[in-house]
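Undergrad: sequence and predicted structure below; questions after.
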Amino acid sequence: MSSEVVSELMREHIVKLVASGRRADGRGPEETRKLTIEKNYIKTAEGSARVRLGNTDVLVGVKIGIGEPYPDTPTSGVLTTSAELVPLASPTFESGPPSPTAIEIARVVDRGIRETKTVDMSKLVITPGEKVWVLFIDIHALDYDGNLFDAASYGTLAALSCATMRGAKLGVPDRPLPVDHWPISITAAKIRNTIVFDPALDEERIADARLTVATDENGDVRAMQKGLTGSFSYDEVRYVISTARRLGNEIRGIVRA
Amino acid sequence: MEDIEHFEKEIRLVDENGRRIDGRSLDALRPIKIEAGVLKRADGSAYVEWGDNRVLAAVYGPREAHPRHLQDPTRALVQCRYNMAPFSVSDRKRPGPDRRSVEISKVTSEAFANVVFREQFPRTSVDIFIEVLQADAGTRCAGITAASVALADAGIPMRDLIASCASGKIAGQIALDLNKEEDNFGDADCPMAVVPRTGEIVLLQMDGHLTEDEFDRAMKLSMGATSKIYEMQKDALRRRYAVTALDEDDASEVSP
Amino acid sequence: MESSEPRRQVVIPGEIVDTHGLKPGHGTYVDGGKVLAAFLGIRTEHEGFVDIIPLGGRYFPQPDDEVVGQVVDLGPSHWLIDLNAPYPAPLHATESPWRVEFGETSKFMIIGDACLVKVLSVDETKRVQVTMRDRGGRRLSGGHIVEIGHSKVPRLIGKGGSMITMIKDFTRCQAFVGQNGRVWIDGEMNDMVHAIQAIRMIDEHAQAIGLTESVKGYLEGAYGKRGA
């Protein structure tokens, strides 16, 4: 619906529909939408990717420069992740400082890269205490139809995977940014008692709870984030993890390509 | 971060054959591609590639203007927000509006307010969003060009589209459509926007140094260019809604 | 899609649309003695007028339109109905089928409820009034609402209602097509899934040739051939 209020009637329809194992766009509960990734989309960025997950469209740019490390981490590169949910992408996005949703997305994506050592920040030191590589990951939503978490995460990983560290200032050749792991995030939404994966907007709007799980190429769990006010049982969490692992393996190839 | 590449002042923006750094002649436009209806959520949208510029525009509305106290009881507001993505420029730009973006937003809103039939929608706002994804000078012209197409795509009633282009002076010579190096190291830049059918100028800015005669020549170049850009805008809209034919049975139903 | 001579011409705002002294109709404006298009749309003529049917754009309420609305706010003696239009419309308690005491509107409809209403009036300042006292006006419960572009509504209804009747007959669903592009359907879950799919086909391919055949083909595929 164009207004933000979702009518009870539509909510009930989707609840019943998913409970019967179907979804409004014809997918099965564990089916993710079509994913396409265009790498090196933006010339002015050192790495970039435009991701389309169904009708959700996100552009991620990675800018890499040289700067000073943080004083308390002299032997580590600097990584900053931000997300802009610009009003162009949805009638529900407002201009202004980042909303809690934008901040949550940025922080979850950031942890997914930093804590997993997808990019090992300790390898990004030029002169300890003085000069390090500085990475900015900027997530720019373009069209919102649900599941920004996964779209932003795939875009970030894809952008990092094609990013170049320009060596001109150091008098060394350019080299690719080393990416050591491939954590793929999969988001599930719980609608009443049914769990569906890669929620589209109409599902996301009525979901009671949301769980994002990132698994790596070895099948290990690398990141998790639960959202919304509902709850999951322990069995449901295990189910989401094992499904996320399987779906993640299918998607990893697309992101790595 | 990365420094602006240092061109020596002696770098020849124009060579002895009248060729520019990118090989163009002084009166040539960069290659332009326009596509209408590229986003799903927005009421109207358009994407423009203009040289190395990449700009996306979206329109929402007319919709109720908020906050209430900004509503105009007699007509629609036209509010344009121009924004550059942090990765759109060589030196990463902090997210959020800076003073330049605010100024461009204002003059662009004013340009569109001239052509939109605002009285048809009192108390509402027509919201235009321009996102620069990749910048190489002339982004406001690309943005206006895209936003016009997005407005038509959104079904907003207007007198006409608006076409926009810039010309300026480089190495002492009048040139059309400056790219980034030319804008940085040239002598003048003059972006403008017109109502193509009438030639009315709805946006005009200039910085640098031009004699009156040089200004006339620059405007002549821009006017010629905006005619071409207008054709591209119309073509993009026609392609989007290419009507091949209608079902015999239902043809009569598609009427007001 | 086969291409053939465009029967209807797409015009851009600002284009001249009269060539033979036609009078300015809907979607046009006059400047310097010429009639010009105000909208991106299809140029048509009727009874000496040239009209532009907008191709895009939001729904704008007209008196007597029957629409599917949604309650977005309420007060002690009215509900505020979103019509998928630039303006919401108040529905006064006196225009409802119920006896509503002052302050008791929420007993009958709450925020989020969907309803069928008719547009009563639109004044010069574009303030819209709706009523539920017309035949068919009611609060909706059950079923689902699908949104299509409001310009596709005539296509979904079809000549003399033929398209929507075909969908209803095959799927045995109740359906109401609001002029505002919102379609309410109700029936068995399986049947609703097919009806929604047919409606989506029409929304996506409204301009296509042979759309009626494609929709019929889909429904026959789902239900088997049978007389409408």
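TA: Received, thanks.

Undergrad: where does the prediction get shaky in the chain?
TA: Since no chain was named, I'll use chain A. By pLDDT under 70, the low-scoring segments of chain A are A:1-4.

Undergrad: oops, wrong one, chain C.
TA: C:1-8, C:19, C:226-228.

Undergrad: how about 90 then?
TA: Scanning chain C for pLDDT under 90 picks out C:1-9, C:18-22, C:32-33, C:46, C:53-57, C:124-125, C:134-136, C:149-151, C:204-211, C:224-228.

Undergrad: how is it divided into domains?
TA: Here the domain parsing of chain C from automatic domain parsing is C:2-54, C:66-140, C:144-223.

Undergrad: now do the contacts for the nearest residue to residue B:20 once chain neighbours are set aside.
TA: What sits nearest to residue B:20 in space, not counting adjacent residues and going by CB to CB, 6 or more residues apart in numbering or on different chains, is residue B:14, at 5.9 Å. C-beta coordinates here come from the backbone N, C-alpha and C atoms, glycine included. Residue B:14 makes contacts with B:20, B:26, B:170, B:171, B:173, B:175, as judged by CB atoms under 8 Å, 6 or more residues apart in numbering or on different chains.

Undergrad: out of the residues you listed, which are inside strands?
TA: Among those, the members found in strands (DSSP state E) are B:170, B:173, B:175.

Undergrad: tell me what the last one is bridged to.
TA: Going back to what we said before, that points to residue B:175. Note on residue B:175: beta-bridge partners residue B:168, judged by DSSP bridges.

Undergrad: tell me how far it lies from residue B:181.
TA: Relative to residue B:181, residue B:175 is positioned 12 Å away (CB to CB, to the nearest Å).

Undergrad: which of these two has more neighbours?
TA: residue B:175 (28 against 19; other CB atoms under 10 Å in any protein chain shown).

Undergrad: just to revisit the earlier point, how near is the residue nearest to residue B:20 to chain A?
TA: Distance from residue B:14 to chain A, counting by CB to the nearest CB, to the nearest Å: 24 Å.

Undergrad: please identify which of the ones in strands among the contacts of residue B:14 is nearest to chain C.
TA: residue B:175 (28.8 Å; CB to the nearest CB).

Undergrad: quick one on the thing from earlier: who wins for neighbours among the contacts of residue B:14?
TA: Counting neighbours by other CB under 10 Å, residue B:175 leads the contacts of residue B:14 with 28 neighbours.

Undergrad: how near is that residue to residue B:167?
TA: 6 Å.

Undergrad: give the residues shared as contacts by those two.
TA: residue B:221.

Undergrad: near chain C, which residues of chain A show up?
TA: A:1-3, A:5-10, A:12-13, A:16-17, A:20, A:22, A:24, A:26 (CB under 8 Å from any CB of the partner chain).

Undergrad: quick one on the thing from earlier: ok, so of the contacts of residue B:14, who is nearest chain A?
TA: Nearest member of these to chain A, counting by CB to the nearest CB, is residue B:20, at 19.0 Å.

Undergrad: and residue A:201, what does it touch?
TA: Going by CB under 8 Å, 6+ apart, residue A:201 touches A:144, A:145, A:146.

Undergrad: let me see the contact set for the first one.
TA: For residue A:144, the residues meeting the contact criterion (CB under 8 Å, 6+ apart) are A:56, A:85, A:89, A:90, A:92, A:93, A:201, B:41.

Undergrad: setting aside sequence neighbours, what's the nearest residue to it?
TA: residue A:90 (4.0 Å).

Undergrad: can you redo the ones in strands among the contacts of residue B:14 as TSV with distance to residue B:132 and pLDDT?
TA: Listed next are the ones in strands among the contacts of residue B:14 as TSV, based on distance: CB to CB, whole Å; pLDDT from 0 to 100:
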residue	distance to residue B:132	pLDDT
B:170	22	95
B:173	28	95
B:175	22	97
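
Undergrad: and the residue of chain C most remote from its centre, how close does it get to residue B:196?
TA: The outermost residue of chain C relative to its centre, with distances by CA atoms, centre = their mean, is residue C:32 at 35.0 Å. According to CB to CB, residue C:32 and residue B:196 sit 15 Å apart.

Undergrad: what about the stretch 101-250 of chain B, any weak spots by pLDDT?
TA: B:241-250.
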